[in-house]
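Peer 1: starting from these lines, generate the structure:
(one chain, ligands or ions: 2)
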Amino acid sequence: MTVVIALANQKGGVGKTTTTVSLAAALAARGLRVLVVDADPQANATSAVGATKDDEGGLYEALVDERPLDDAVRATNIDGLSILPTTPALAGAEVELVSVMAREFRMKRALDALRPRFDLILVDCPPSLGLLTVNALAACDEVIIPVQCEYFALEGLSHLSHTIELVQRNLNPRLVIRGVVLTMFDARTNLSREVEAEVRSHFPNTFDAVIPRSVRLAEAPSHGEPITVFDPTSTGARAYFDLGDELIAALRAHDLIPAPRPEASSEGTASAPSTALRAVVASTPTALATVPTTSHEVATIPQTTRDVMTQPQPHTPSDSGAQEQTHGA
Ligand SMILES: Nc1ncnc2c1ncn2[C@@H]1O[C@H](COP(=O)(O)OP(=O)(O)O)[C@@H](O)[C@H]1O
Ligand SMILES: [Mg+2]
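Peer 2: Ligands and ions are numbered 1, 2, ... in the order given. Below you'll find the model as predicted:
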């Protein structure tokens, strides 16, 4: 079983990439085999995990030429975390795909082939609702929406929700909105609290974990390390560990991901984990069994989504039987 999750919001600068990379590293630290797919030609996720843009072929070739992605997946220095780096050519994919048949399913085909190698695949979407994001939404099982705690936070979310509904109706009936993540929360301001209250009232499936505004989170990418390695005891790292544990609990409540392995898988392992990572793993022995499971999450999926999810499901990947059951419940 593998869960593919797109991190999407057509607004730029809301924390998609930071959340993709930090969450992925937090999940990998819990022993899961995680792949980050950098679907943004800006390559921020690629550099944030210390990888470089890949000239050898990758997502672009998979989308445009239907080449398999197996050789494009790269290990990172973090145990259990792999990256599918973006390619410089990806920027042209949106245009080149326009005239292609079944162009919305190219990423799905490519990523489905990688499912057996990973427990979770997180797709970092570009800041638009173009073909790359639509491909990601068609390829994934779930979507997480990072929302920045700022004045116009909700602006654009109705457009995004509408796009997700269109994808559910036409391309991917199984697509579930896993939740909204509040990012760049500033506890000193009333604005952050007001935005949090408003977002929670519109999106009951907003994660409990809230990501604080933190200089360390902004600094981490320039060191090519996720926050969980760069500064594992910082408030930002702790928030992303909390988010990861919340996600793991929700997915495990439906048997969508396996129990943690005693030893992290060798998948995507280039070298031993850093001392800092070992320290944080040792200091946070959160057995998954002790993480409270959330029973409310199916109930909090928007009604439109649940309606869609009970309809016949034509695009079912071979390994997602359990997910189909639970998501359709
Ligand atoms: N919680 C945070 N605190 C401080 N800075 C942040 C935080 N999250 C993201 N940033 C910074 O804000 C900018 C935009 O974040 P990013 O994750 O790249 O957004 P997106 O991928 O949605 O465009 C980046 O410079 C990033 O380092
Ligand atoms: Mg980004």
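Peer 1: assign a three-state SS to Gln168, would you?
Peer 2: helix (DSSP: H, G, I helix; E, B strand; the rest coil).
Peer 1: can you check Val229 too?
Peer 2: helix.
Peer 1: so what's the residue count around the nearest residue to Leu182 once chain neighbours are set aside?
Peer 2: Once flanking residues are discounted, Leu182 sits nearest to Val210: 4.6 Å by C-beta to C-beta, 6 or more residues apart in numbering. The way it works is simple: take the backbone N, C-alpha and C, and place the C-beta from them, glycine included. If you count neighbours by other C-beta atoms under 10 Å, Val210 ends up with 18.
Peer 1: from ligand 1, how far off is Val210?
Peer 2: Separation of Val210 from ligand 1 (C-beta to the nearest ligand atom, to the nearest Å): 10 Å.
Peer 1: from here on, count from 21
Peer 2: That works, and once the first residue is 21, the last one we named lands at Val230.
Peer 1: for the residue of the stretch 171-320 of the chain found nearest ligand 2, give me its contacts.
Peer 2: With C-beta to the ion as the measure, Pro241 is the residue of the stretch 171-320 of the chain nearest to ligand 2, at 10.1 Å. Residues near Pro241 by C-beta atoms under 8 Å, 6 or more residues apart in numbering: 37-38, 41, 64, 67-68.
Peer 1: keeping just the C-alphas, turn stretch 154-170 into CSV.
Peer 2: C-alpha atoms of stretch 154-170 as CSV (Å, rounded to 0.1, in the frame of the first residue of the first chain):
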residue,chain,number,x,y,z
VAL,A,154,-4.0,18.8,-12.6
ASN,A,155,-1.7,15.8,-13.4
ALA,A,156,-0.7,15.7,-9.8
LEU,A,157,-4.3,15.8,-8.6
ALA,A,158,-5.2,13.0,-11.1
ALA,A,159,-2.2,10.9,-9.9
CYS,A,160,-2.7,11.2,-6.1
ASP,A,161,-5.0,9.6,-3.6
GLU,A,162,-5.1,12.7,-1.3
VAL,A,163,-4.4,16.3,-1.3
ILE,A,164,-3.0,18.5,1.5
ILE,A,165,-3.6,22.3,1.2
PRO,A,166,-1.0,24.5,2.9
VAL,A,167,-2.6,27.9,3.8
GLN,A,168,-0.5,30.8,5.0
CYS,A,169,-1.9,32.6,8.1
GLU,A,170,-2.2,36.0,6.4
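Peer 1: got phi/psi on Ile165?
Peer 2: Phi and psi for Ile165, reported as degrees, to the nearest 10, are phi -110, psi 110.
Peer 1: helix/strand/coil for the residue of the stretch 171-320 of the chain closest to ligand 2?
Peer 2: Assigned with three-state DSSP, Pro241 falls in the helix class.
Peer 1: just checking, Gly264 touches Gly51?
Peer 2: No - in this structure Gly264 lies outside contact range of Gly51 using C-beta atoms under 8 Å: 11.2 Å.
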